[in-house]
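# What follows is a predicted protein model with its sequence.
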Amino acid sequence: MSNADESRNKIRGDGHRSADPYLMSLPLSMTNPLSSPHLQSLERLPFWLSRWLGYRPSTPPKLSHYEIYLWSFIGSFCGLVLIQAVFKYSLYFVTRGVPPIIASYGAGAVLIYGAIEAPLAQPYALIGGQFLGALIGICITKLFHLLPTEEVFQKLLWICGSLACSSSIVVMQITGTMHPPGGATALLAAISPEARQLGWYYLPVILLSSTLALAVALIVNNIRRQYPLYWFRPRQLEKANEIDVNTERSSTESRSEKREGRVRHGV
């Protein structure tokens, strides 16, 4: 095992790797410790409460693929049903013209119920990425609405949507809240008539949808699994990424030196 692998395993804790096929395909630097300092701070709470916030006093047992599939299905089904039930059957939201669900939450369900250990699925990414995507999407759409006529706006809508999505990606990168569905949320704010007519009310709809999705994730994902692994971006992850970059740089330099040596000796 290389020094980089050993360092990353130390960062993760015990080197345990989830049975989740998606996570098995990720580099170790993309996974996170099961006992992060963020979760250890929850130790002061009663266990009946801290458990549902992701805290575990010891490493959870490894689940089979089939059990992971089952809980991923249950979580995503319950999460999507809850969001649609709230917006579809509440007279308050119906009279405001709120759609039953913003389509990007279908993609979000894949992450927060299916790939729950991924950094992109943690609460700070879910809430922050979706909100920033909505905010950027609305702001850019409002700017395009300043065009002289609605006809001109409609003709340039494809540019508006592309700009909204691209800008949201950069903002999520800067803030460390990368959440792919957030890009779709920004795009929908521009190109979806239902989302556009909500205007600034799109923001509370997104916040409530994210909160409902997170609430289900905290319950279902903690029955047999552990979620979240951290509530805010941990320094350990940044350190692991630095290790990967430095290791790759060292390997590249080493290969270059070997090639130069062979050329020098006429090999």
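Ah, there it is. None of the values given here were measured: they were computed from a predicted structure. Residues are numbered from 1 along each chain as shown.

# Domain map for this protein?
65-224, 235-267 (automatic domain parsing).

# Which of those has the highest mean neighbour count?
Comparing the domains of the chain by mean neighbour count (mean count of other C-beta atoms under 10 Å), domain 65-224 comes out on top with a mean of 19. Bear in mind the C-beta positions are built from the backbone N, C-alpha and C, glycine included.

# what about that domain, how long is it end to end?
Counting by C-alpha to C-alpha, to the nearest Å, you get 13 Å between the two ends of domain 65-224.

# Now that domain: average pLDDT?
Confidence for domain 65-224, expressed as mean pLDDT, is 95.

# one step back: next, format the domains of the chain as TSV and append distance to residue 56.
Formatted as TSV, the domains of the chain follow (distance: least, C-beta to C-beta, whole Å):
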stretch	distance to residue 56
domain 65-224	9
domain 235-267	17
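
# Could you point out which of those sits nearest residue 53?
The minimum distance between residue 53 and these falls on domain 65-224, with 6.7 Å, by C-beta to C-beta.

# got the contact list for residue 113?
Applying C-beta atoms under 8 Å, 6 or more residues apart in numbering, we find residue 113 in contact with 71-72, 75-76, 79, 216-217, 220-221.

# switch the cut-off to 10 Å
When contacts are counted by C-beta atoms under 10 Å, 6 or more residues apart in numbering, residue 113 touches 71-80, 121, 213, 216-217, 220-221, 225, 227.

# Grab the nearest non-local neighbour of it.
In space, and not counting its chain neighbours, residue 113 is closest to residue 75: 3.4 Å by C-beta to C-beta, 6 or more residues apart in numbering.

# Please, which helix or strand holds that neighbour?
Assessed by DSSP states H and E, residue 75 sits inside helix 65-89.

# Check which helices and strands that helix sits against.
helix 21-24, helix 91-95, helix 104-109, helix 202-224 (3 or more C-beta pairs under 10 Å, 6 or more residues apart in numbering; DSSP states H and E).

# Tell me how many other residues crowd residue 53.
Residue 53 sits with 15 neighbouring residues when counted by other C-beta atoms under 10 Å.

# Assign a three-state SS to residue 226, would you?
Following DSSP: H, G, I helix; E, B strand; the rest coil, the label given to residue 226 is coil.

# my guess is it contacts residue 57, does it?
No - using C-beta atoms under 10 Å, residue 226 is not in contact with residue 57, being 11.5 Å away.

# In terms of neighbours, single out the busier of those two.
residue 226 (19 against 10).

# Run through the helices of the stretch 151-267 of the chain in chain order.
Under the criterion DSSP state H, counting those that start in this stretch, helices of the stretch 151-267 of the chain are mapped to 157-175, 180-191, 193-198, 202-224, 235-264.
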